[in-house]
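In: Give me a 3D structure for the following:
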Amino acid sequence: MSNVLGLHPDAISDLEEIRRCAGNSVAADIVVALEELETDPNLQANLLDKGFGTDARGHPTANYGVKTWARLWQGGRDIWRLRCFALERRGPNYRVIYAYLRTQQEFLVLAIVPKDSIDYDDPNDALARRIRAAYDAL
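Out: Numbering: from 1, shown residues only. Coordinates of the predicted model:
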């Protein structure tokens, strides 16, 4: 598998905001996690495995966990969310929201945001609207 992991301009802005608000080390940890995903085809293979990384009770079984963003997925958008458990154990609790572009066989990170800023169930949530707009513009 030779997938590419790219960053949407919105995700780059998110990283800059994380750097400003949470510090360089938190942003650097996120970048390192993304670089690891980008360079390891075995890890990339799991990015399309709904439920990867957690057991039936939701407890971590791997370094990261993968789920679809159900509301957007059901709306026909190939959008996923990633939890980096290794980062969470050290404190930061962010979600990496990404799309899989099937025709290009590429992953594109659309957002990197604090978990508590996401309302996955509200279609009018500002982040949900931002993600839909970014995805629809691809």
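
In: Residue ranges in this structure under the pLDDT threshold?
Out: Applying pLDDT under 70 to the chain flags residues 1-3.

In: where do the strands sit along it?
Out: 4-7, 64-68, 79-84, 94-101, 106-114 (DSSP state E).

In: Kindly reformat those as JSON lines containing mean neighbour count.
Out: In short, each C-beta sits where N, CA and C put it, glycine included. Output for the strands of the chain, formatted as JSON lines (neighbours: other CB atoms under 10 Å):
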{"stretch": "strand 4-7", "mean neighbour count": "16"}
{"stretch": "strand 64-68", "mean neighbour count": "19"}
{"stretch": "strand 79-84", "mean neighbour count": "22"}
{"stretch": "strand 94-101", "mean neighbour count": "23"}
{"stretch": "strand 106-114", "mean neighbour count": "22"}
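
In: among these, which is nearest residue 16?
Out: strand 106-114 (10.2 Å; CB to CB).
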